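**Q** how would this look folded up:
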Amino acid sequence: MPDLLLELRSEEIPARMQRKAAGDLRKMLTDGLVEAGLTYEAAREYWTPRRLALDIRGLTARSKDIREEIKGPSTTAPEQAVQGFLRKAGLSSIADAHVHSDPKKGDFYVAHISKPGRAAEEIIAELVPGIIKSFPWPKSMRWGPASAKPGSLRWVRPLQSIVCTFGPETEEPVVVDFEIDGIRASNVTYGHRFHAPGPITVRRFDDYVAKLEAAKVVLDADRRKEIILADARNIAFANGLDLVEDEGLLEEVSGLVEWPVVLMGEFEQDFLTIPGEVIRLTIRANQKCFVTRPRGAGENLSNRFVLVANIEATDGGKEIAYGNGKVVRARLSDALYFWKTDQGDLPDLDQLKESAAKFGLDLKKPLDQRMARLDHLNVTFHAKLGTQGARVARIKRLAEELAAVVARSISPLEGEMAGRPEGVAAREAPTSSAARGDVGALREATPSVAFGDISPSRGEITSLVARAAVLAKADLQTEVVGEFPELQGAMGRKYALLQGEHPSVAAAVEEHYKPQGPSDRVPTDPVSVAVALADKLDTLTGFWAIDEKPTGSKDPFALRRAALGVVRILIENRIRLALTSVFARAFANFKSDADQSSDLLAFFHDRLKVYLRDQGARYDLIDAVITSQSDDLLQIVRRVEALGSLLDTDEGKNLLAGTKRAANILAAEEKKKTLIAETVEPALFREGAEKKLYAAVNQAEKEAGQAIQNEDFSAAMLSLSVLREPVDSFFEGVLVNDEDQAMRANRLALLARIRAATDQVADFSKIVG
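**A** Numbering: from 1, shown residues only. Coordinates of the predicted model:
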């Protein structure tokens with residue numbers, strides 16, 4: 001079977017675009033080939049900074065001949081229908097159509113269409129130019145004299161050559177001939193820009209890869225990554241250091257070089273007084289270099305860094321390393337200035353007194369000064385939601401209200417916490433089995449911040465929460481965060497500790513942004529938890545109030561992530577919180593005519609379902625326990641766990657079958673508007689099974705109701721399990737649809753009592769099985 005080799009060589013493609021572009025090229029070409037009637041065995045894309053390449057193996061040499069029949073209207077149909085049929089079939093005259101007969105439908109027109117197969121070369125020559133012209137680059141450009149013409153070629157960077165060869169391994173491949181804006185496809189490519197700039201004639205993929213390698217080009221991006229990582233580790237080890245690995249940087253650097261050469265540079269030891277995160281980001285963002293740390297030195301960095309060059313220099317790379325070192329030193333000098341400036345006084349302190357008084361700030365402290373400036377400058381959070389200062393005030397109020405709830409649940413000095421099942425230790429999630437529909441992963445221990453002997457008492461938490469909320473956004477006005485926004489929170493924590501804040505306050509300044517994704521850990525210190533919840537709930541209620549909700553795949557304000565963060569914080573910290581009351585207080589901060597609480601609660605239900613399903617919970621059990629009024633997410637989780645435990649037993653499975661049978665009978669009779677008694681009348685019982693079921697339902701309703709009131713959902717489920725045998729006996733020995741109308745209405749009322757009893761804990765009709 002023939003193979004296809006395609007290479008599109010250009011000036012340097014931005015590293016961030018390469019992987020997706022290569023994937024787009026593969027998809028667009030293979031989709032086009034299949035649509036044209038060709039098949040292939042395998043396809044793989046490759047990329048370097050200067051080329052996108054595609055290797056398609058086992059491509060059929062020719063598309064199949066096609067013969068099809070297109071049925072048309074009756075021979076007696078009006079002219080308009082006939083003309084529509086001719087257009088659809090591509091016929092010029094009805095005389096070109098055939099007439100078929102059907103015993104029932106009579107005579108009707110049929111077009112016999114024959115399409116001969118086409119050579120693969122012809123199909124490829126037609127497809128590739130169209131793909132190049134319509135390629136979905138995020139940004140593209142025109143160049144040269146032709147760029148002045150309408151419809152001229154656009155590419156991410158000037159396209160320089162095209163290689164396109166096709167043929168089987170046993171024969172000499174042919175060049176697929178096509179041209180686009182003066183660039184004609186050939187079998188000639190070029191190697192490394194400096195080491196091997198001359199033309200290279202290639203035949204098929206295997207010798208293409210080998211000849212590029214000889215010309216100092218490593219085609220496979222994953223192999224370039226392996227080379228860079230291995231050499232970087234080795235050069236660090238040889239210098240008594242450990243490489244600080246960075247997958248995102250490795251991906252980027254592999255897209256900057258075709259022939260990776262790993263070198264080591266250095267900067268002065270004095271710069272190590274800068275926080276490691278700042279050094280790392282400075283070197284990463286500006287020079288695309290990796291940092292190192294002394295072996296066994298924990299988180300402390302060394303003054304050596306690893307860089308990746310795209311050339312084998314005659315001096316072994318000394319000048320390259322020296323030049324990079326000069327740039328790194330200049331950037332670190334800026335970073336050192338930012339770091340020191342952030343610890344000093346602002347020049348406009350006199351103008352900040354009003355804002356300082358509003359938030360109870362101490363203008364002798366640098367971070368307090370930055371918060372005062374954030375408020376004083378009226379920095380906009382969102383055009384419809386006001387300033388950052390107003391937002392901080394809202395977060396502070398809400399966090400103070402939440403502090404008591406959080407303190408009761410997870411205060412580190414309080415043994416067993418309120419709302420926690422007996423026997424479950426602080427910050428320990430519940431154990432369960434995903435197989436039975438429970439949320440097993442939730443019971444794994446959650447990492448916590450250790451505060452030693454200075455952990456806050458429950459009484460201290462509210463004041464610490466207020467202080468943390470006020471300082472949470474202060475680092476947005478620091479020089480370091482202005483240069484590196486991704487350090488917001490982390491720098492605030494460092495500055496808070498430097499000015500002597502309580503460790504819980506400092507931790508909350510950083511951790512209130514968490515969790516920032518499904519794999520990020522949740523905060524567990526009560527101060528951090530309260531501020532994190534307030535921050536996310538303020539964001540959600542604010543955007544709901546102005547009707548800026550996620551739609552489809554669009555979520556520009558990351559509201560799904562914020563809601564999932566609230567879900568994870570509440571569940572993994574075992575916090576009981578009535579969301580609707582919190583929504584009411586939060587919505588009161590915004591001028592909104594419509595009550596959005598129910599809609600926002602439904603949004604939380606959706607996020608909870610996603611979270612629980614990811615943990616292995618059965619979707620039907622989740623749907624069975626959630627109602628539109630369920631606003632305690634932890635309670636929902638406990639109900640799901642208890643329901644899963646019940647359905648793990650034979651009693652539960654049989655009870656489910658009996659309950660669903662009762663519900664189905666009721667639904668059918670209600671649809672027919674059959675009379676159902678309002679209450680069950682024991683005097684109408686004829687069968688012992690009726691009396692036994694009635695007594696069991698009374699007992700189960702009472703015990704389950706009491707258990708639910710005590711929020712012991714396992715006990716509630718156990719109370720229902722006693723219904724299993726009476727329900728089975730009832731359906732075996734009692735005819736529900738008795739001829740006596742009063743008897744039938746009474747028995748249907750008894751079934752309604754079964755449904756009502758089970759509905760106290762779950763809607764069994766939604767459970768599969």
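
**Q** isn't residue 370 right next to residue 475, touching?
**A** Yes - the pair formed by residue 370 and residue 475 meets the contact definition of C-beta atoms under 8 Å, at 6.7 Å. For the C-beta atoms, the positions are set from N, CA and C on the backbone; glycine is no exception.

**Q** between the two, which one's more packed in?
**A** residue 475 (28 against 24; other C-beta atoms under 10 Å).

**Q** Show the pLDDT at the nearest residue to the more buried one once chain neighbours are set aside.
**A** The shortest distance from residue 475 to any non-neighbouring residue, by C-beta to C-beta, 6 or more residues apart in numbering, is to residue 492 (3.5 Å). Among the per-residue scores, residue 492 holds a pLDDT of 96.

**Q** Quick check: residue 492 vs residue 512, distance?
**A** Per C-beta to C-beta, to the nearest Å, residue 492 is found 9 Å from residue 512.

**Q** which of these two has more neighbours?
**A** Between residue 492 and residue 512, counted using other C-beta under 10 Å, the more crowded position is residue 492 (30 against 26).

**Q** what about that one, helix or strand, and which?
**A** Element membership for residue 492 (DSSP states H and E) is helix 490-498.

**Q** Quick check: next helix or strand after that helix?
**A** Counting by DSSP H and E, the element after helix 490-498 in chain order, helix or strand, is helix 503-511.

**Q** Now do that next one: distance to the chain's middle.
**A** 26 Å (C-alpha atoms, centre = their mean, to the nearest Å).

**Q** and the closest residue to residue 596 other than its chain neighbours, how many neighbours?
**A** Leaving aside its chain neighbours, residue 596 sits nearest to residue 544 (4.4 Å; criterion: C-beta to C-beta, 6+ apart). Neighbour count for residue 544, taken as other C-beta under 10 Å: 22.

**Q** Isn't residue 544 up against residue 600?
**A** Yes - applying C-beta under 8 Å, one finds residue 544 in contact with residue 600, separated by 5.0 Å.

**Q** coming back round to it: contacts for the helix holding residue 492?
**A** The list of residues contacting helix 490-498 from outside it, by C-beta atoms under 8 Å, 6 or more residues apart in numbering, reads 275, 277-278, 342-343, 366-367, 471-472, 474-475, 478, 480-481, 503, 505-507, 509-510.

**Q** Just the buried ones from the residues you listed, in ChimeraX syntax?
**A** Typed into ChimeraX, the line below selects the buried ones among the contacts of helix 490-498, using 16 or more other C-beta atoms under 10 Å:
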select :275,277,278,342,366,367,471,472,474,475,478,480,481,503,505,506,507,509,510
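
**Q** now, which of the contacts of helix 490-498 lie within helices?
**A** Of the contacts of helix 490-498, the ones assigned to helices by DSSP state H are 277-278, 342, 366-367, 471, 480-481, 503, 505-507, 509-510.

**Q** closest to residue 634 among these?
**A** Residue 634 has its nearest neighbour among the ones in helices among the contacts of helix 490-498 in residue 507, at 23.3 Å by C-beta to C-beta.

**Q** wait, isn't the closest one in contact with residue 525?
**A** Yes - using C-beta under 8 Å, residue 507 is in contact with residue 525, at 5.5 Å.

**Q** got any ranges where the stretch 351-500 of the chain has weak pLDDT?
**A** The stretch 351-500 of the chain contains residues with pLDDT under 70 at 411-459.

**Q** what do you get if the cut-off is 50, keeping everything else the same?
**A** Within the stretch 351-500 of the chain, the ranges that satisfy pLDDT under 50 run 412-454.

**Q** With the chain instead?
**A** Using pLDDT under 50, the chain drops low at 412-454.

**Q** So residue 256 sits against residue 310, correct?
**A** Yes - at 6.9 Å, residue 256 counts as touching residue 310 under the criterion of C-beta under 8 Å.

**Q** what touches both of the two?
**A** Residues touching both residue 256 and residue 310 by C-beta under 8 Å, 6+ apart: none at all.

**Q** Tell me where the stretch 301-450 of the chain has strands.
**A** Listed in chain order, the strands of the stretch 301-450 of the chain (DSSP state E, counting those that start in this stretch) span 304-309, 380-382, 386-387.

**Q** Pick the most buried one from these.
**A** Mean neighbours per residue, mean count of other C-beta atoms under 10 Å, is largest over these for strand 304-309, with a mean of 22.
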